[in-house]
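**Student:** okay, sequence plus prediction incoming.
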Amino acid sequence: MKSERLTNNKIKIFLTLDDLMDRGITKEEIVGNSLKVHKLFQAMVEEACESLNFIMSGSIAIEIFSLPAQGLIIIVTKEEEEDFAEEEDFVNLQVKFDESPHILYAFDEFEDVIQLSHQLLNQGVFLSTLYVYNERYYLLIENVSEEIYHKVISLAAEYGYASTLTLYRMGEYGACILEKEAIQVLTSYFRL
């Protein structure tokens, strides 16, 4: 489990599929919204809040985004504090669960992005955007059909690693190098 503070009132927790398995939770149980899952998330959020010195009070919104074949991203947002002086232990949790339709992989070397782009083009993958952030390259792959989704994930994992960054953070702090047609542009300029 990785956690990071995004703002004064927002933290992000990333759980890999291995983290979930270690805790005895399946994706089906998460979607089923069981009591076991609620207790697990409450414990993880409390653990992350404690490690980041994030005080949970008032209204707390929890958004859970599934990254297929990668894990879950949990965004915990503390609403602006109103006057809860009489109700010090008041915590109101709102949970929203979404599937993330995109694949975001990070690469240390530009050559790895080029190699992967050629592999993906052969699979018929086109919609993609290339970013650079903190001296790493990030390839956002979108609209991948269910038939080849796991193959695309496997190929991307050969050249890079799954990113835990959100698209919002990438859009805010990353620099977009090639938008929407990154794979086609890279394969046309850099031949194997």
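**Tutor:** Cool, the structure landed. Because the structure is predicted, anything quoted here is derived from the model rather than measured.
**Student:** and what about residue 138, helix, strand or coil?
**Tutor:** With DSSP: H, G, I helix; E, B strand; the rest coil as the basis, residue 138 sits in strand.
**Student:** not counting sequence-adjacent ones, nearest residue to it?
**Tutor:** Counting by C-beta to C-beta, 6 or more residues apart in numbering, residue 138 lies nearest to residue 131, which is 4.3 Å off, once chain neighbours are set aside. C-beta coordinates here come from the backbone N, C-alpha and C atoms, glycine included.
**Student:** let me know the helix or strand that the one you found is in.
**Tutor:** For residue 131, the host element (DSSP states H and E) is strand 128-133.
**Student:** same for that strand, what does it pack against?
**Tutor:** In terms of contacts (3 or more C-beta pairs under 8 Å, 6 or more residues apart in numbering; DSSP states H and E), strand 128-133 is packed against helix 110-122, strand 136-141, helix 167-173, strand 175-178, helix 182-189.
**Student:** among the ones you listed, which comes closest to residue 15?
**Tutor:** Closest approach to residue 15 among the helices and strands packed on strand 128-133 is made by helix 167-173 (17.3 Å; C-beta to C-beta).
**Student:** give me the buried positions along that closest one.
**Tutor:** By 16 or more other C-beta atoms under 10 Å, the buried positions in helix 167-173 come out as 167, 170.
**Student:** centre of the chain to that helix, how far?
**Tutor:** 12 Å (C-alpha atoms, centre = their mean, to the nearest Å).
**Student:** same for that helix, what does it pack against?
**Tutor:** Checked by 3+ C-beta pairs under 8 Å, 6+ apart, helix 167-173 has strand 128-133, strand 136-141 packed alongside it.
**Student:** pass me the low-pLDDT residue ranges in this protein, would you?
**Tutor:** Across the chain, the ranges flagged by pLDDT under 70 are 27-34, 67-69, 80-101.
**Student:** okay, helices next: where are they in it?
**Tutor:** 17-22, 27-32, 35-52, 110-122, 149-159, 167-173, 182-189 (DSSP state H).
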